[in-house]
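What follows is a predicted structure for the sequence shown.
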2 protein chains.
Amino acid sequence: MRTHTHERTNRSSSPTAAPVDRGVYSISVTAELSGVGPQTLRLYERRGLLDPDRTGGGTRRYSRDDLERLRRITELVELGVNLTGVREILTLEDQQSALRAEIAQLSHSSPGPSGR
Amino acid sequence: MRTHTHERTNRSSSPTAAPVDRGVYSISVTAELSGVGPQTLRLYERRGLLDPDRTGGGTRRYSRDDLERLRRITELVELGVNLTGVREILTLEDQQSALRAEIAQLSHSSPGPSGR
DNA sequence: CGTGTAAGGAATTCTGACACG
DNA sequence: CGTGTAAGGAATTCTGACACG
């Protein structure tokens, strides 16, 4: 997981997870940036892989975070994983990063034997 | 037809992972116990989902652990995950149990705020 | 530009059959 | 009983097209 936030960042208030990552890209821009096609993006959403924001009018707004997630989806699909599998994997990976964060915090007080 | 073996007889010596779990079931017995069919078991192996022991003559020997893993595989396949996805998921789940074990050990010295 | 749904080609998963030890 | 491989039906994934706001 790489964070490429150069400028344009949120050094405003919260330093950790940024809920400031509002959706800004339309479906057509997202399709162009990702190479994934609008219909496919809608399909991913119906399958529970993505959940972009919506404007009051119902238009999808994809965030930077959504784009990163989409990159991972594309990776897995190219690997040959079907959409149901991708959904499970993303869930597991989300859990994993939570677990790793917990370990990092616990290690703060007592440095462990550096697993892995 | 699912067999709910609630026996859970593993009170031998080591309480955690038992490397004593030698392969004992032939492919036909494993097929019968799991309802998975011999050709499918071989396919799972080629796809990297299972890696049963082999006798000197090359005959597969499935362990209790393999059976448990197979149950999980069946679960995921029935859920609609394809075999490539199942492989990735099993890898992630193996990593997860390692991470959880690490957390459990770290928590021994300093009890955390009960995550999850 | 956005929304959604129904049709069809390409690829995948799995089984039953074959040949052999 | 075990080993392996090639053939074919069923289901899935994705795209281009349609109709509409």
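That came through fine.

Contact residues of chain A facing chain B?
Residues of chain A lying close to chain B (C-beta under 8 Å from any C-beta of the partner chain) are A:76, A:79-82, A:84-86, A:88-89, A:92-93, A:95-96, A:98-100, A:102-103, A:105-107, A:109-110, A:112, A:115. C-beta coordinates here come from the backbone N, C-alpha and C atoms, glycine included.

Can you select the buried ones among these for me in PyMOL?
Buried residues within the residues of chain A next to chain B, by 16 or more other C-beta atoms under 10 Å in any protein chain shown, are selected in PyMOL with:
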select buried, chain A and resi 76+81+82+84+85+86+88+89+92+93+95+99+102+103+106
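
what subset of the residues of chain A next to chain B is also close to DNA strand C?
For DNA strand C, the contacts drawn from the residues of chain A next to chain B by C-beta under 7 Å from any atom of the strand are A:80, A:82.

do stretch A:80-100 and DNA strand D meet at all?
Yes - contact of stretch A:80-100 with DNA strand D (C-beta under 7 Å from any atom of the strand) involves A:82-84.

So which residue is smack in the middle of chain A?
A:R69 (3.2 Å; C-alpha atoms, centre = their mean).

thought that residue was touching A:L90?
Yes - the pair A:R69 / A:L90 is scored as a contact, 7.0 Å apart, by C-beta atoms under 8 Å.

who are the neighbours in contact with the residue nearest to the centre of chain A?
A:49-50, A:90 (C-beta atoms under 8 Å, 6 or more residues apart in numbering or on different chains).

Can you flag which of the residues of stretch A:80-100 next to DNA strand D belong to helices?
Members of these lying in helices (criterion: DSSP state H): A:83-84.

quick check, nearest of the residues of stretch A:80-100 next to DNA strand D to DNA strand C?
A:N82 (7.0 Å; C-beta to the nearest atom of the strand).

How much space separates the residue nearest to the closest one when sequence neighbours are not counted from B:E88?
Nearest-residue entry for A:N82: B:N82, 4.3 Å, with adjacent residues in sequence omitted and distances by C-beta to C-beta, 6 or more residues apart in numbering or on different chains. Going from B:N82 to B:E88 by C-beta to C-beta, to the nearest Å gives 10 Å.

any shared contact partners between those two?
By C-beta under 8 Å, 6+ apart, B:N82 and B:E88 have these common neighbours: A:81, A:85.

how about the residues of stretch A:80-100 next to DNA strand D in JSON lines, adding pLDDT and distance to B:R42?
Compiled in JSON lines, the residues of stretch A:80-100 next to DNA strand D are given as follows (pLDDT from 0 to 100; distance: C-beta to C-beta, whole Å):
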{"residue": "A:N82", "pLDDT": "92", "distance to B:R42": "22"}
{"residue": "A:L83", "pLDDT": "93", "distance to B:R42": "27"}
{"residue": "A:T84", "pLDDT": "92", "distance to B:R42": "24"}
